[in-house]
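Student: Got a predicted model here, sequence first, then my questions.
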Amino acid sequence: MADVTQQIGQGTFKPKAKTLPEAVFAWLLIGPAMLFIAIIVAWPLAETIRLSFMEAGLGGEEYVGLANYQDLVESRKFHQTIVRTFYWMFLSVGLKLVLGLIGATLLNAAVPGRALFRVLVMPPWIIPMAIGMIGWLWLYNGYFGVLSGSMMSLGITDGPFEFLAYKRSAFYSAVVADVWVGTPMVTLFFLAAMQGVSRDLYEAAWVDGAGRWYRFRRITIPQIMPVIVSMSLLSAIFTFNSFEVIWILTEGGPRSATTTLIIDTYKTAISNFKFGEGSARAVIIVILLGVFALLYLNVLKFVNRKYGTK
Amino acid sequence: MATLDLNSISKSFGTAKVLHDISLAINDKEFVVFVGPSGCGKSTLLRIIAGLEEATSGQIIIGGEDVSAAHPVERGISMVFQSYALYPHLSVYENIAFPLRVQKLEKADMDARVHRAAEVLQLTDKLQLKPGQLSGGQRQRVAIGRSIVRNPKVFLFDEPLSNLDAALRGDMRVELSQLHKSLDATMVYVTHDQIEAMTMADRIVVLNGGRVEQFGTPMELYHHPKTKFVASFIGQPNMNLIPATVLATDASGIKVELIGGHQMALPVEAATVNKGDKVEVGIRPEHVALGDNGLEISVNVLERLGGVSITYGTIAGATRFCASLPGDAAIKEGEPMMLSVAPQDCHVFDASGDVLRRKSAPALVA
């Protein structure tokens, strides 16, 4: 090391007699990033955990130990919220994956004008979510919404139908809107993965007599499986924490029918100023997603073993 | 196994015509190699035979049956791709069994066929591995295994050795030739490597610009190239082409003056040339010997390979000339040498590149 420095230094520059110890230099390099992460991630997280042991509101804080958690464990309403959140997540992610797979397959097909179709997939993803959701509010409106109007003129309903006014229809309407927002990203990732599959594989299978469905099942799906699994996790986390869609459409209503954990947390902490109880909910979200991510890593390991190249 | 006949195959991509009216009759159990430079249409022709591309016009007949419109699997062909096209997520066993699974073959029958193919290709102990764990040569064998298990009428190979290193390519050439003998199969093989073509083929199709330049046995192409293109493509090192002028023609042949002033009487059919015409005289590097008179070559580069010495030089300071001489030939770089060449070993090409047929050429060996 020293020799090289001296050789390079000959005639061009003089190496400093004194250099920083390596450890100090390393800390200097990663220090700013660590400080940044500490301010925007670590401190809020620590503060949330601290608050979850407090009875905290606008008036002040008081240590209550595990009381906030105990309330949640005993609350039937909270149990329902957890079940609803997972149902919301699995339903929405499932639909996004299936639609994304179908969409990507169609966009990958050699059809004229496919570049245009690829662009047309993007808008739900590109336009600001609030604007998109206001669009869905109009669609779902009973009096001047397209959906209700069409149903009336087709004779399916007698009068205006407010999609967001009933527990069940509101939930599924929110799922549809969430799927609308989330599908383009899934589609484009799947499309990119499909384009990475060698054409020769399909031609070899075609020469061997494999039909379209067989090739899709035995070549496309296994080849893009790692991407399917990664997208499942990403999409699951986004959907689990999907806030804007539900908040703009229903604010968690009617009668909590669309209240997922993130909505419940927001309502408790921000709307009702119960910072302690809200923090306990937030901590539970972190734990649930942590467990979910651990499960995912194991699934990914399995998938790589089964579909990997080694 | 089966014969393969191509009748007037043409192919255009948009306005670009890549194959011009190609007709070939390939015999049962024959090993035919399509050879030519990149872009000559050899791979396209193979893909048309496979059914991966559609011919713009013409017929493909396999075993007497017109399969021009048939699905690839109904043609009774199997294909080995340049990239091997192995399924990376499937084991060697599953890769070889793939065509059989598509056919929904019974498990026992499939098992037997896969193991037989694995035995022939020495892959038995690799069946549980994935392609990523194999060497290039082994992957190549898996791809061949996948084509064997279907018992096709015709095997198609698309530059299967071009991804291997030189030493392995040599080994695989021998293996493929042996495989051809043991399977007694009709094989069509595409390559840009004339050594592969010469060593493996029963007959070679030389393609150039989407046209068949010549179709014949390796030695026929070597001794009787019909065109300048074939002459310079076949043979290693390449044939030397020396500009010359026709001085006289008669029944015994033509008299020419080569660039540099050397005059020769060459025993070729003289019907198509006249006195004063420009021609090119083709001399293979291995058909010259050091002598006292003949062609004067100034040696620029000398490569002593042991058994032979390859020299690169020029005639009259411009035309390049390569000679293959004995390993210990007394020559030096930078010095001139005189080469003698037997008139009957010379080829003559007219201005359009067509050969003037030689009157005395060695009898062809099988």
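Tutor: Good, I have the coordinates. All values reported here derive from a predicted model rather than from experimental measurement.
Student: what sits against residue 93?
Tutor: In the absence of a named chain, this looks at chain A. Taking Cβ atoms under 8 Å, 6 or more residues apart in numbering or on different chains as the contact definition, A:Val93 lies against A:Gly182, A:Ser232, A:Ser235, A:Ala236, A:Thr239. Where C-beta positions appear, they are placed from N, C-alpha and C, glycine not excepted.
Student: oops, chain B please
Tutor: Contact partners of B:Tyr93, counting by Cβ under 8 Å, 6+ apart, are B:Val114, B:Ala118, B:Leu127, B:Gln128.
Student: Look up how far A:Ser232 lies from the first one.
Tutor: Right, the one you point to is B:Val114. Distance from B:Val114 to A:Ser232, counting by Cβ to Cβ, to the nearest Å: 34 Å.
Student: What residues does A:Tyr214 make contact with?
Tutor: So A:Tyr214 contacts A:Ala205, B:Val102 (Cβ under 8 Å, 6+ apart).
Student: Assign a three-state SS to it, would you?
Tutor: Secondary structure for A:Tyr214, judged by DSSP: H, G, I helix; E, B strand; the rest coil, is helix.
Student: tell me which residues in stretch B:28-44 are buried?
Tutor: Along stretch B:28-44, the positions that meet the burial threshold by neighbour count (16 or more other Cβ atoms under 10 Å in any protein chain shown) are B:29-36, B:40-44.
Student: quick one: which of the residues you listed is nearest chain A?
Tutor: Distances from chain A to the buried residues of stretch B:28-44, taken as Cβ to the nearest Cβ, are shortest for B:Ser43 (12.0 Å).
Student: Isn't the closest one up against B:Val190?
Tutor: Yes - contact between B:Ser43 and B:Val190 holds when scored by Cβ atoms under 8 Å: they sit 5.6 Å apart.
Student: ok so, going back, could the contacts of B:Tyr93 be laid out in JSON lines, adding neighbour count, secondary structure and distance to chain A?
Tutor: Converted to JSON lines, the contacts of B:Tyr93 look like this (neighbours: other Cβ atoms under 10 Å in any protein chain shown; DSSP: H, G, I helix; E, B strand; the rest coil; distance: Cβ to the nearest Cβ, whole Å):
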{"residue": "B:Val114", "neighbour count": "26", "secondary structure": "helix", "distance to chain A": "14"}
{"residue": "B:Ala118", "neighbour count": "22", "secondary structure": "helix", "distance to chain A": "18"}
{"residue": "B:Leu127", "neighbour count": "18", "secondary structure": "coil", "distance to chain A": "15"}
{"residue": "B:Gln128", "neighbour count": "10", "secondary structure": "coil", "distance to chain A": "12"}
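Student: which one of the residues you listed is nearest B:Glu335?
Tutor: Ranking those by separation from B:Glu335, with Cβ to Cβ as the measure, puts B:Ala118 on top at 58.4 Å.
Student: now that closest one: how far from B:His192?
Tutor: Between B:Ala118 and B:His192 the distance, using Cβ to Cβ, works out to 30 Å.
Student: which stretches of the stretch 51-200 of chain B form helices?
Tutor: Using DSSP state H, counting those that start in this stretch, the helices found in the stretch 51-200 of chain B span residues B:92-102, B:107-120, B:136-148, B:166-183, B:194-200.
Student: Lowest mean pLDDT across these, which one is that?
Tutor: When the helices of the stretch 51-200 of chain B are compared on average pLDDT, helix B:166-183 comes out lowest at a mean of 86.
Student: Any chance you could list what contacts that helix?
Tutor: Outside helix B:166-183, the residues within contact range by Cβ under 8 Å, 6+ apart are B:31, B:120, B:136-137, B:140-141, B:144, B:148, B:155, B:157, B:160-161, B:164, B:187, B:189, B:196, B:199-200.
Student: tell me which residues in that helix are buried?
Tutor: Of the residues in helix B:166-183, those buried by neighbour count under the rule 16+ other Cβ under 10 Å are B:Arg169, B:Met172, B:Arg173, B:Glu175, B:Leu176, B:Leu179, B:His180, B:Leu183.
Student: Now for B:Ser43 and B:Val190: what residues contact both?
Tutor: B:Asp158, B:Glu159.
Student: still on that earlier bit, of all the buried residues of stretch B:28-44, which comes closest to A:Ser153?
Tutor: Minimum distance to A:Ser153 across these is 56.6 Å, recorded for B:Thr44 (Cβ to Cβ).
Student: So which of the buried residues of stretch B:28-44 is the closest to A:Leu116?
Tutor: B:Thr44 (30.0 Å).
Student: Now do the contacts for the closest one.
Tutor: By Cβ under 8 Å, 6+ apart, the contact set of B:Thr44 is B:Lys11, B:Val18, B:Leu19, B:Glu53.
Student: Chain neighbours aside, what residue packs nearest to the first one?
Tutor: Taking Cβ to Cβ, 6 or more residues apart in numbering or on different chains, and ignoring the residues beside it in sequence, B:Lys11 has B:Leu19 as its nearest neighbour in space, at 4.0 Å.
Student: So for the one you found, what's the pLDDT?
Tutor: On the pLDDT scale, B:Leu19 gets 93.
Student: Quick check: the gap between it and B:Gly170.
Tutor: Taking Cβ to Cβ, one finds B:Leu19 at 31 Å from B:Gly170.
Student: With B:Gly58 instead?
Tutor: The spacing between B:Gly58 and B:Gly170, counted by Cβ to Cβ, is 36 Å.
Student: So, low pLDDT: which residues of chain A?
Tutor: Low-confidence segments of chain A, defined by pLDDT under 70: A:1-17, A:309-310.
Student: what residues does it put near chain B?
Tutor: If contacts are counted using Cβ under 8 Å from any Cβ of the partner chain, the residues of chain A sitting beside chain B are A:198, A:200-201, A:203-210, A:214, A:218-219, A:222-223, A:225, A:306-310.
Student: Can I have the buried ones of the residues you listed as a PyMOL selection?
Tutor: Buried members of the residues of chain A next to chain B, defined by 16+ other Cβ under 10 Å, are picked up in PyMOL with:
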select buried, chain A and resi 198+200+201+203+204+205+206+207+208+209+210+214+218+219+222+223+225+307
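Student: In helices only, show me the residues of chain A next to chain B.
Tutor: Using DSSP state H, the members of those that fall in helices are A:200-201, A:203-207, A:214, A:222-223, A:225, A:306-307.
Student: so what are the domain limits for chain B?
Tutor: Taking automatic domain parsing as the criterion, chain B consists of the domains B:4-232, B:237-356.
Student: mind checking how far the residue lying closest to A:Thr250 once chain neighbours are set aside is from A:Leu72?
Tutor: Using Cβ to Cβ, 6+ apart and skipping residues adjacent in sequence, the residue nearest A:Thr250 is A:Thr258, 4.6 Å away. Separation of A:Thr258 from A:Leu72 (Cβ to Cβ) stands at 20 Å.
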